[in-house]
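Engineer: Any chance you could fold what I've pasted below:
(chains A and B)
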Amino acid sequence: GQQVMQIPQYQHVQEGEDFTTYCNSSTTLSNIQWYKQRPGGHPVFLIQLVKSGEVKKQKRLTFQFGEAKKNSSLHITATQTTDVGTYFCAGRRSGGSNYKLTFGKGTLLTVNP
Amino acid sequence: NAGVTQTPKFRILKIGQSMTLQCTQDMNHNYMYWYRQDPGMGLKLIYYSVGAGITDKGEVPNGYNVSRSTTEDFPLRLELAAPSQTSVYFCASRAGTDYNEQFFGPGTRLTVL
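Structural biologist: Below you'll find the model as predicted:
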């Protein structure tokens, strides 16, 4: 079945440093979504990427979708303590069920003030 | 709108007991999902529904059952609880069109002893 892998599993940074998490799928994706889960909370949608090579920005967050639509990345510039949490990517397999997302295991980001 | 609500927030079960996790959404979404989240393991899809009266299995359906008699409600039933079902359970919903974000409930933390 489809697998979505995320690296790193954990990342600890000093406040102000940059952070990147990478997502790789075993199959081509029709779209990829990113979610953030604060400690003790529930996943909250951040963004969706659909087009090959797409880049989207949300303030200090930059999201990319690979040309082959099999990988994606989330980059945070100048991290803040409010960025703490687990970041998940979730992909919908191209040609597969329209109903289901496969989630990566997530990257836990901690920020030292 | 309350969004997606789940009850209870916490529950401790003894091995062999049964219970129902409740999930309700007030956004008139067609698609609803049940996930379980184990530490460091991301979100695993248990069951999903594309509308009232229609349900289907996800990745890890064994030991669970669902029903969808109304658009709003999607309860998850655990029969004969086992320690392996200790987890955090999230319900989510999505509107009926393509490429929409999933809205998650606050979760139910279940411990089976």
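Engineer: Tell me if I'm right that A:K56 and A:I47 touch.
Structural biologist: Yes - with contact defined as CB atoms under 8 Å, A:K56 counts as touching A:I47 (5.7 Å). For the C-beta atoms, the positions are set from N, CA and C on the backbone; glycine is no exception.
Engineer: secondary structure class for the residue positioned nearest the centre of chain A?
Structural biologist: Most central in chain A under CA atoms, centre = their mean is A:C89, positioned 3.9 Å from the mean C-alpha point. Following DSSP: H, G, I helix; E, B strand; the rest coil, A:C89 is assigned to strand.
Engineer: Test of understanding: give the bridge partners of it.
Structural biologist: For A:C89, the beta-bridge partners are A:W34 (DSSP bridges).
Engineer: quick one: contacts for it?
Structural biologist: Residues in contact with A:C89 (CB atoms under 8 Å, 6 or more residues apart in numbering or on different chains) are A:V4, A:Q6, A:T21, A:C23, A:I32, A:Q33, A:W34, A:Y35, A:S72, A:L74, A:F103, A:G104.
Engineer: Quick check: it vs B:E79, distance?
Structural biologist: Note on A:C89: its distance to B:E79, by CB to CB, to the nearest Å, is 33 Å.
Engineer: Check which helix or strand the residue nearest to the spatial centre of chain B maps to.
Structural biologist: In chain B, the C-alpha nearest the mean C-alpha coordinate belongs to B:W34, at 3.0 Å (CA atoms, centre = their mean). B:W34 belongs to strand B:31-37 when assigned by DSSP states H and E.
Engineer: could you say what helices and strands the helix or strand just after that strand packs with?
Structural biologist: Moving toward the C-terminus from strand B:31-37, the next helix or strand (DSSP H and E) is strand B:43-51. Applying 3 or more CB pairs under 8 Å, 6 or more residues apart in numbering or on different chains; DSSP states H and E, one finds that strand B:43-51 makes contact with strand B:31-37, strand B:54-57, strand B:64-66.
Engineer: again, 10 Å this time
Structural biologist: strand A:102-103, strand B:31-37, strand B:54-57, strand B:64-66, strand B:76-78, strand B:87-94 (3 or more CB pairs under 10 Å, 6 or more residues apart in numbering or on different chains; DSSP states H and E).
Engineer: In JSON lines: the ones you listed, plus mean pLDDT and distance to B:G105.
Structural biologist: Output for these, formatted as JSON lines (pLDDT from 0 to 100; distance: least, CB to CB, whole Å):
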{"stretch": "strand A:102-103", "mean pLDDT": "92", "distance to B:G105": "16"}
{"stretch": "strand B:31-37", "mean pLDDT": "96", "distance to B:G105": "10"}
{"stretch": "strand B:54-57", "mean pLDDT": "95", "distance to B:G105": "17"}
{"stretch": "strand B:64-66", "mean pLDDT": "98", "distance to B:G105": "15"}
{"stretch": "strand B:76-78", "mean pLDDT": "97", "distance to B:G105": "11"}
{"stretch": "strand B:87-94", "mean pLDDT": "97", "distance to B:G105": "4"}
